[in-house]
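J.: can you look at this prediction? I've put the sequence above it.
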Amino acid sequence: MTTPAASRVHTAVFLGISLDGCIAGPQGDLSWLSACAAESPADTGYEALMQRTDTLLLGRRTHDAVLALGDWPFKDHRVRVLTHRPLPSDHGAQACRGSLPDVLARLHAEGSRHVYLDGGEVVGQALDSGLVDELTLSWIPVVLGSGTRLFSGPLPRSDWRLVQGRTFASGMVQARYERR
């Protein structure tokens with residue numbers, strides 16, 4: 001059972017996904033996302049999402065993958081990482097522990113209102129707990145064959161309303177849903 005929206009943060013997921021359902025390739029490879037690199041963050045809705053996001057909640061593997069890319073892209077946002085291991089302190093992200101509902105409740109108590117969830121484990125837990133309010137999936141025209149799958153296990157039923165569907169010159173197809 002989910003808590004009333006007024007007493008919790010609004011959560012959004014924004015993911016690139018391969019045609020065979022992967023959000024990362026083998027060993028966390030993200031190079032396949034370059035197939036849609038010509039699409040601007042403004043055109044895809046990512047910029048708008050980041051403008052209304054006050055907090056990012058990342059899984060540890062996602063955090064480490066972003067760090068490996070070089071420049072930290074989230075300087076203007078509060079970043080929390082769901083992990084049990086210490087984090088480097090040079091970019092301001094903070095580790096957090098506990099169940100996802102508890103972590104989101106703590107973020108709400110800290111003043112967070114719009115949280116962007118990223119990382120397979122975090123997104124999977126949020127979907128399993130009924131805690132995703134907005135889900136944007138961008139299908140990239142690539143079949144990876146193996147990797148981290150978005151839907152890797154059984155989930156409870158949830159109903160969604162299509163808010164926007166778009167196609168892009170790169171062949172990417174994007175759908176944005178809101179929970180009914």
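T.: Arrived safely.

J.: low-confidence ranges in this protein?
T.: For the chain, applying pLDDT under 70 flags the ranges 1-6, 89.

J.: helices of that one, start to end?
T.: Under the criterion DSSP state H, the chain contains helices at 41-44, 46-52, 60-68, 100-109, 120-128.

J.: I'd like the distance between the nearest residue to P141 once chain neighbours are set aside and L19.
T.: Excluding its sequence neighbours, the residue lying closest to P141 (Cβ to Cβ, 6 or more residues apart in numbering) is G171, at 3.9 Å. C-betas here are computed from N, CA, C, even on glycine. Distance, G171 to L19, using Cβ to Cβ, to the nearest Å: 10 Å.

J.: got any residues that touch both of the two?
T.: 140-141 (Cβ atoms under 8 Å, 6 or more residues apart in numbering).

J.: what's around P141, how many residues?
T.: P141 has 13 neighbours, counted by other Cβ atoms under 10 Å.

J.: got the contact list for it?
T.: 19, 35, 170-172.

J.: and these, which is closest to R106?
T.: M172 (35.1 Å; Cβ to Cβ).
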